[in-house]
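Asks: Give me a 3D structure for the following:
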Amino acid sequence: MNCLTRLFLTFRTLCVVAMVVAFAGLTPAVAQDETQEETESSAAPEASDLVTRTLTTDISSKDLGVLIVPLTVSEMAQVVEGWQAHVRAQLEQLSYLNLDLNTATGAKADALRAELADVQQTAKDYLANYQVTVVGWQEKGATPEELKPFQDYAYAAASGALRTTDLRTLLSAGLSWLTDTDGGLGFLFSILMILVAVWVLMFIARLARRMTDRGLTRVPTLSKLLKSFISTAVFWAVMVLGVLVVLGLFGVNVTPLFAVFGGLSFILGFALQETLGNLASGLMIMVLKPFDTGDYIQIGSSSGFVDEMSVVSTKIRTFDNQIIVVPNSKIWGDIITNVSASETRRVDLVFGIGYSDDAALAIEVLSKLVAQHDLCLKDPAPEIFVGELGESSVNIFCRPWAKNDDYWTVFWDLTGQAKIEFDAVGISIPFPQRDVHLIPVEGAAQ
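Replies: Predicted coordinates for the structure are as follows:
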C-alpha cells in the first residue's frame, strides 16, 4: 500500500507539473491576444460607443455632423431617436415651466421666466442637433416613410414651443436674439457685409471694364461693336467670379454650383440652338466688321442706322425713327449693304421729260444746278446724260457725287430745284400716258 500510495502521489505531481507547463506556454499567446484586442478596441471604438458619443448633450452641431459620418443607416436611426428623446425631455420641462408660470406672480414668475429662457436655449440647441441627425439619416438612405414622422415632430416641436410660451417671455427672447451676436446682430452684420461685398464687387467690375475700354482704344483695328462686347464680357466675368468668391467667404459650398452649371449648359445647348447660332453670327460680325455702330446698312427689306448690337441681335433705327431688331443669324446669312462704308456716295437721280421737249436743254439745266450746289463734289465729276427712252418719257440720268452725310440733302435739293427750273424753261415732266388707235373694220356697225 505504501508503494501504491507513493506511485499515486508521484503520478499526481507529474500531472500538476504538466498542467503548469502547458498553462505557462499558453499564457503569452492569450495575453498577446487580449493585448491585441485591447489595442484594436482603443484604436477603433465600437459603433455603439460612437453612437453613445453622438448622443452626449454638450456636443455642438458642427461636431455632431462630423461624428455621424461613419454611422450606418441603422445606427443613424438610433441617433435620431436618441436626440428626439433629448428634445422631448426639454419640451416636457418647458411645458411644466409654462404651466407654473400661468399661476406664478412676482419674484417667482421672474425666476420661472429666467429658468424658462435657459431651457428654451437648451431646447433650441437640442433641436438643431436633432435636425442635423435627421438630415444625416436622409443622406445615408433613409426612406421618406421613415423620415416623415421625425421631420413632422421637429416642425411641431419648434412651433409648439413658440405657441405655448407666454408673450412676455417671447418678447424677452426676441430682444435677446436681436442683441445677440449669433442672432439679430450677427444677421444684421451679415447683411451689411453682403452689401459692402456687392458694392466692392460692382466697383471692381466697373474698374475692370474701364481699364478694358482704355486698353481697347489702343487697338484701332477692332470695331466698336467688338470693343463693347469685350468690355461687357469682362464686366460680367468679374461679377460672376466675385459672387463665387463672396459666397465662399460666407461659408457657402460653391462646388455644387459648377456641377449645376455643367448640367445647365448641356441642356441649354439643345434648347437654345437658335440663340447660340445668333451668338456665333454676332461674334463673326464683330470680328470681321462688315458694319459698325452709326453706319447706314441695308439688310434684305430692312434699312437704317445701326444703333447698337448685342451678342444675339442688332438694333436698327430707320429714317422715320422706328426701331428694328434683327437676329444676328438673319443678318450674317443675308446680303449686307453698308452704305456708310465709303466717305463719298453717288446720288442717282432720274428726271423724265416729254418726247417733244429739248433733251439737251434739260441736260444743260441739270448741269447748272449741280455746279451751283455747294454739297456736290467736283471730284469725282458728275454725269448727266439721256439714259433711257421710256414708254411715256425721255429719262435724263443725273449722277453727282456727295459726302455720305450729305446724300439725302443733295437728293432732295436737286429734285426740287429741277422741277422749278424745268417749269421756268418750259420743259414738261409727263405723267404716264398711252395712245389708243381705233382701226375701222369692214362690215362693222357705224
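Asks: now Glu442, what's its secondary structure?
Replies: Here Glu442 is coil, with the state taken from DSSP: H, G, I helix; E, B strand; the rest coil.
Asks: With Asp320 instead?
Replies: State at Asp320, reduced to three classes by three-state DSSP: coil.
Asks: go on, Phe305?
Replies: strand.
Asks: does Gly387 sit in a helix, a strand or a coil?
Replies: Taken by three-state DSSP, the conformation at Gly387 corresponds to strand.
Asks: That one and Val425, how far apart?
Replies: Using C-beta to C-beta, to the nearest Å, one obtains 20 Å as the distance from Gly387 to Val425. For glycine as for every other residue, the C-beta is placed from the backbone atoms N, C-alpha and C.
Asks: Which one's more surrounded, these two?
Replies: Legend: neighbour count by other C-beta atoms under 10 Å for Gly387 and Val425, higher for Gly387 (15 against 12).
Asks: hang on, the more buried one packs against Asn395?
Replies: Yes: with the criterion set as C-beta atoms under 8 Å, Gly387 and Asn395 qualify as a contacting pair; they are 5.6 Å apart.
Asks: what is in contact with those two at once?
Replies: When contacts are counted by C-beta atoms under 8 Å, 6 or more residues apart in numbering, Gly387 and Asn395 are jointly contacted by Val350.
Asks: To which secondary structure element is Val219 assigned?
Replies: For Val219, there is no host helix or strand (DSSP states H and E).
Asks: Can you give me the distance of it to Met211?
Replies: Distance check for Val219 against Met211: by C-beta to C-beta, it reads 14 Å.
Asks: now Met193
Replies: The value you get for Met193 to Met211, if C-beta to C-beta is used, is 26 Å.
Asks: swap in Glu139?
Replies: Here the distance between Glu139 and Met211 works out to 46 Å (C-beta to C-beta).
Asks: how about the helices of the stretch 51-200 of the chain, start to end?
Replies: 61-67, 73-103, 106-140, 144-164, 167-178, 184-216 (DSSP state H, counting those that start in this stretch).
Asks: elements contacting the helix or strand following the last one?
Replies: Later in the chain than helix 184-216, the nearest helix or strand by DSSP H and E is helix 224-249. Using 3 or more C-beta pairs under 8 Å, 6 or more residues apart in numbering; DSSP states H and E as the contact criterion, the secondary-structure elements in contact with helix 224-249 are helix 184-216, helix 273-288, strand 302-309.
Asks: got the buried residues for the last one?
Replies: For strand 302-309, a neighbour-count test (16 or more other C-beta atoms under 10 Å) marks Ser302, Gly304, Phe305, Val306, Met309 as buried.
Asks: quick one, what contacts Leu338?
Replies: That one is not Leu; residue 338 is Asn. Applying C-beta under 8 Å, 6+ apart to Asn338 gives the contacts Pro290, Phe291, Asp295, Tyr296, Ile297.
Asks: is it in a bridge, and if so with what?
Replies: Ile297 (DSSP bridges).
Asks: count of neighbours near Ile299?
Replies: The burial count assigned to Ile299 is 21, neighbours taken as other C-beta under 10 Å.
Asks: And it, how far from Trp332?
Replies: Spatial separation of Ile299 from Trp332 under the definition C-beta to C-beta is 10 Å.
Asks: One more: Phe203?
Replies: Distance of Phe203 to Trp332, given as C-beta to C-beta: 37 Å.
Asks: More neighbours: these two, which one.
Replies: Trp332 (20 against 10).
Asks: Not counting sequence-adjacent ones, nearest residue to the more buried one?
Replies: Ser281 (3.8 Å; C-beta to C-beta, 6 or more residues apart in numbering).
Asks: Contacts only, for that neighbour.
Replies: Ser281 sits in contact with Pro327, Asn328, Ser329, Ile331, Trp332, Gly333, where contact means C-beta under 8 Å, 6+ apart.
Asks: Now Ser392: closest residue in space that isn't a chain neighbour?
Replies: Nearest residue to Ser392, sequence neighbours excluded (C-beta to C-beta, 6+ apart): Pro432, at 4.6 Å.
Asks: now swap in Pro400 and tell me
Replies: With sequence-adjacent residues excluded and distances taken as C-beta to C-beta, 6+ apart, Pro400 is closest to Pro382, at 3.9 Å.
Asks: Was I right to think that neighbour contacts Val410?
Replies: No: under the criterion of C-beta under 8 Å, Pro382 lies out of contact with Val410, with a separation of 10.4 Å.
Asks: what residues do those two have in common as contacts?
Replies: For the pair Pro382 and Val410, residues contacting each of them under the criterion C-beta under 8 Å, 6+ apart are Cys376, Pro400.
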